[in-house]
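Novice: Coordinates for the following, if possible.
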Amino acid sequence: MARARRLKKDLTVVGTLKIEIVDGETMTFTPAELPAEIQELLPTVALSHRLGDAVAGITDPELIKATLEKVWQGMLDGNWVIRKPGTPKVELSTIKDNLSNLSDAEQEAARALLTSLGIAV
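Specialist: This is a model prediction of the structure:
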């Protein structure tokens with residue numbers, strides 16, 4: 001179940017972060033107002049957050065490394081967002097058609113497996 005958004009962030013004005021709170025109030029934050037030592041930390045913290053988000057939920061160390069490298073290279077190339085290619089979709093009609101090519105025993109096994117996965121055919 002998706003969490004309800006409590007904040008709407010506007011990053012469209014360079015050098016300013018506007019946050020609209022769920023009640024409609026808007027707050028504005030300008031990093032240039034911060035002390036120099038905090039301003040120096042912000043890029044590293046933002047980079048840490050960006051790279052951490054990119055690998056959230058990934059457990060395979062090789063995939064983590066590959067993802068970090070891909071996101072970093074994308075950022076070096078000027079791309080903030082790197083989209084993963086969509087996974088191919090299989091139409092239910094294709095599954096049904098292919099089931100008919102199986103023997104009766106294979107069809108029964110396939111239907112049982114699909115049902116256990118929550119796919120009704």
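
Novice: ok, now which ones touch the residue nearest the centre of the chain?
Specialist: In the chain, the centroid-proximal residue (Cα atoms, centre = their mean) is Ala54; its distance is 7.0 Å. If a contact means Cβ atoms under 8 Å, 6 or more residues apart in numbering, then Ala54 has Thr67, Leu68, Val71, Ile82 as its contacts. (Glycine included, C-beta is placed from N, CA and C.)

Novice: out of those, which are inside strands?
Specialist: Among these, no member falls in strands (DSSP state E).

Novice: For Leu51, give me its contacts.
Specialist: Leu68, Val71, Trp72.

Novice: Narrow these to just the buried residues.
Specialist: Val71 (16 or more other Cβ atoms under 10 Å).

Novice: Can you tell me which of the contacts of Leu51 is nearest Gly24?
Specialist: Val71 (33.8 Å; Cβ to Cβ).

Novice: Surely the closest one touches Ile82?
Specialist: Yes - the pair Val71 and Ile82 passes the contact test of Cβ atoms under 8 Å, sitting 5.4 Å apart.
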